[in-house]
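>>> Fold the following.
(one chain, ligands or ions: 1)
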Amino acid sequence: METAYLVLGGERVPAVTGKTFPLLEPATGQPFMEVAEAGREDIERAVRIAHQTFETGSWSRLSATARGRILLKAATLVRERLEQLATIEARNAGKPMRDARDEVGLAAAVLEYWGGAANKIMGETIPVQDTGLEVTLREPVGVCALITPWNFPLVIASWKIAPALACGNTVIVKPAQLTPVSTLLLADILMEAGLPPGVISVLPAPGAIAGNSLVTHPLISKVSFTGSTEVGAHIMRLCAENITRVSLELGGKAANIVFADADLQRSVNSSVFAVFGNCGQDCCARSRLLVQRSVYEEFNQLLAARTAALRVGQPLDEQTEIGPLISAAQRQRSLDYLALAQQEGAHVLMGGNVPSEQPNGYFLQPAILTQVDNRMRVAQEEIFGPVVTVIPFDTEEEAIRLANDVAFGLSGSVWTQNLGRALRVAKGVRAGVLSVNSNHSVHTEAPFGGYKKSGFGREMGMHAVQLYTEVKSIFFSQE
Ligand code: NAD
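Sure, this is the predicted structure:
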């Protein structure tokens with residue numbers, strides 16, 4: 001079986017210990033690749049190389065235009081290898097090929113955006129009381145530790161790597177243990193595009209080792225983390241030790257609010273993918289549908305019909321719309337929540353069964369829950385599986401109150417033909433990313449991030465510059 005080695009300082013190497021671990025294909029439960037497992041010594045070496053490289057200035061002091069050109073070249077290479085990368089993502093993460101191709105295209109778009117943005121990262125000139133000139137510079141922070149989850153492995157890696165590099169930092173990426181392969185390949189591509197040696201490392205390692213050796217390393221200047229709220233809170237505590245800069249993209253429990261005046265069929269067609277897409281393993285999953293009572297029954301009928309028509313199947317089958325969950329444990333988590341929901345008094349309108357025609361992979365038929373109260377655990381906690389709760393409401397005020405009655409605040413949607421209402425609800429919902437008559441909330445060019453326990457910091461768009469730069473003020477006296 002093929003072994004994927006670490007990327008350490010831009011070179012492919014085995015782990016110092018020689019340790020490897022197998023990756024299972026979620027669609028079959030069978031091993032398909034071995035991956036080198038980084039340990040403390042590999043992390044120590046990678047951090048020292050990244051720090052030394054940062055200090056030499058081979059990247060941090062290269063002209064911004066030259067840095068941008070390398071990112072643009074990498075974007076082209078990603079597009080040229082779209083099919084290879086998409087197949088890896090489909091096999092490793094269980095994504096349907098059509099989604100996997102979209103995600104590779106998105107990663108290329110992110111590299112393109114930052115390739116073009118690199119030489120547009122600017123400071124200011126500021127009028128001050130003394131005679132002279134006050135200017136600010138945006139300088140790279142140093143060595144960045146970038147920790148990513150398994151649900152969108154390549155996309156989220158690109159969200160962090162591209163802006164961090166555009167700003168002149170060196171990076172160490174810690175991908176999720178379950179899905180490291182596409183990020184290793186992205187590092188190969190960046191090296192091929194001309195990234196100098198020492199600028200990037202990708203180290204698949206168990207979370208606890210990364211926490212202790214990487215996050216708390218005194219030469220790490222910045223940690224960018226995407227993952228669960230529990231681990232995010234732990235990382236924030238670890239960062240306190242060295243006053244390491246940290247940004248956190250965490251969980252979600254988005255409300256998808258449908259008013260009676262909405263185009264119901266359009267909202268249903270969109271909403272099934274907004275919650276069941278990626279098999280529900282999406283921090284932006286619209287997992288709480290809030291539907292105005294006068295159309296509640298009609299909406300549920302349309303939703304059930306559209307959900308029943310979803311094609312659940314093998315990721316490599318071009319017809320598949322919904323693949324398996326990432327692991328047996330992740331599927332069990334959804335099954336446990338479905339059992340809990342019924343104990344709490346909810347009704348399973350449809351789905352929630354393990355399909356008998358897919359006996360070996362981690363498949364689950366998308367489930368719709370009704371008779372749900374927003375205070376039930378299934379409506380409050382992030383399930384991260386193909387389960388949606390549908391809750392009725394009467395008034396606009398009640399819809400906003402229910403939408404906000406969770407600990408999270410990442411995303412949300414509102415469906416209505418009334419412009420004033422759309423605006424009032426979008427302003428009223430305490431979440432970082434809202435959409436009106438759409439469930440799309442992720443755009444390469446626009447800021448993305450959470451309120452409340454969904455974290456802080458904005459990735460994407462030029463807002464990400466704030467995550468990966470320090471601001472320096474310099475006063476030039478005229479006298
Ligand atoms: P997770 O928190 O278990 O792991 C995320 C990453 O952190 C992995 O690389 C893991 O190995 C690493 N990690 C775990 N313990 C660590 C430690 N002690 N120190 C350092 N690193 C450690 O999350 P997951 O299960 O991979 O992903 C699912 C979660 O991610 C969900 O809660 C989801 O909502 C969230 N997520 C959020 C966003 C967003 O942008 N807000 C995007 C995708 C996923």
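>>> any idea which residue sits dead centre in the protein?
residue 156 (4.6 Å; C-alpha atoms, centre = their mean).
>>> Check the secondary structure at that one for me.
Put simply, residue 156 is helix when judged by DSSP: H, G, I helix; E, B strand; the rest coil.
>>> Quick check, pLDDT for it.
pLDDT recorded at residue 156 is 98.
>>> how about the closest residue to it other than its chain neighbours, phi and psi?
Excluding its sequence neighbours, the residue lying closest to residue 156 (C-beta to C-beta, 6 or more residues apart in numbering) is residue 148, at 4.7 Å. In short, each C-beta sits where N, CA and C put it, glycine included. Main-chain torsions, residue 148, degrees, to the nearest 10: phi -120, psi 160.
>>> before we move on, what about residue 44?
phi -60, psi -50.
>>> Give me the mean pLDDT for the helix or strand where residue 7 lies.
Assigned by DSSP states H and E, residue 7 belongs to strand 6-8. For strand 6-8, mean pLDDT is 98.
>>> Partner strands of whichever helix or strand comes after that strand, with direction?
Going down the chain from strand 6-8, the next helix or strand is strand 11-13, by DSSP H and E. The partner list of strand 11-13 in its sheet, established with DSSP bridges, is strand 6-8 (antiparallel).
>>> can you list the domain ranges for the chain.
3-250+454-476, 255-443 (automatic domain parsing).
>>> looking at those domains, which is closest to the ligand?
Minimum separation from the ligand across those (C-beta to the nearest ligand atom) falls at domain 3-250+454-476, 2.4 Å.
>>> got the contact list for the residue nearest to the centre of the chain?
Contacts for residue 156 (C-beta atoms under 8 Å, 6 or more residues apart in numbering) come out as 148, 149, 226, 249.
>>> Which ones among those residues lie within strands?
226, 249 (DSSP state E).
>>> related to what we said a few turns ago, okay but the residue nearest to residue 156 is in contact with residue 160, surely?
Yes - using C-beta atoms under 8 Å, residue 148 is in contact with residue 160, at 6.9 Å.
>>> which neighbours do these two share?
Common neighbours of residue 148 and residue 160 (C-beta under 8 Å, 6+ apart) are 173, 226.
>>> Run the chain-centre distance for stretch 234-245.
Averaging C-alpha positions (C-alpha atoms, centre = their mean, to the nearest Å) puts stretch 234-245 21 Å from its chain's average.
>>> helices or strands up against the longest helix along the chain?
Assignment by DSSP state H gives helix 97-117 as the longest helix of the chain. Using 3 or more C-beta pairs under 8 Å, 6 or more residues apart in numbering; DSSP states H and E, the elements in contact with helix 97-117 are helix 64-80, helix 82-93, helix 153-166.
>>> Below-threshold pLDDT in this structure: ranges please.
The model of the chain has no residue with pLDDT under 70.
>>> can you do 90?
Residues of the chain meeting the criterion pLDDT under 90: 1, 210-212, 356-359, 441, 479.
>>> For the ligand, tell me whether the one helix or strand residue 144 maps to is touching it.
Per DSSP H and E, residue 144 falls inside strand 143-147. Yes - Strand 143-147 is in contact with the ligand by C-beta under 6 Å from any ligand atom, via residue 147.
>>> Neighbouring strands - and their directions - for that strand?
When DSSP bridges is applied, strand 143-147 pairs with strand 170-174 (parallel), strand 222-226 (parallel).
>>> Deepest in the core, which of the ones you listed is it.
Using mean count of other C-beta atoms under 10 Å, the stretch among these with the largest mean neighbour count is strand 170-174, at a mean of 28.
>>> Using CSV, write out every CA atom in it.
Extracted in CSV, the C-alpha atoms of strand 170-174 (Å, rounded to 0.1, in the frame of the first residue of the first chain):
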residue,chain,number,x,y,z
THR,A,170,6.1,30.6,7.2
VAL,A,171,3.5,27.9,8.1
ILE,A,172,3.2,24.5,9.7
VAL,A,173,-0.1,22.8,8.9
LYS,A,174,-1.5,20.1,11.2
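>>> Can you identify the element that follows it toward the C-terminus?
Next along the chain after strand 170-174, taking DSSP H and E as the criterion, comes helix 181-192.
>>> What residues does this structure have near the ligand?
So the chain meets the ligand at 147-152, 156, 174, 176-177, 207-208, 210-211, 215, 226-228, 231, 234-235, 249-252, 283, 382, 384, 410, 450, 454-455 (C-beta under 6 Å from any ligand atom).
>>> same thing but 5 Å
Within the chain, the residues that sit near the ligand (C-beta under 5 Å from any ligand atom) are 147, 149-150, 176, 207, 210-211, 226-228, 231, 249, 251, 283.
>>> Buried by neighbour count, from those: which ones?
Buried members of these, scored by 16 or more other C-beta atoms under 10 Å, are 147, 149-150, 176, 207, 210-211, 226-227, 231, 249, 251, 283.
>>> quick check, nearest of those to residue 362?
residue 150 (12.5 Å; C-beta to C-beta).
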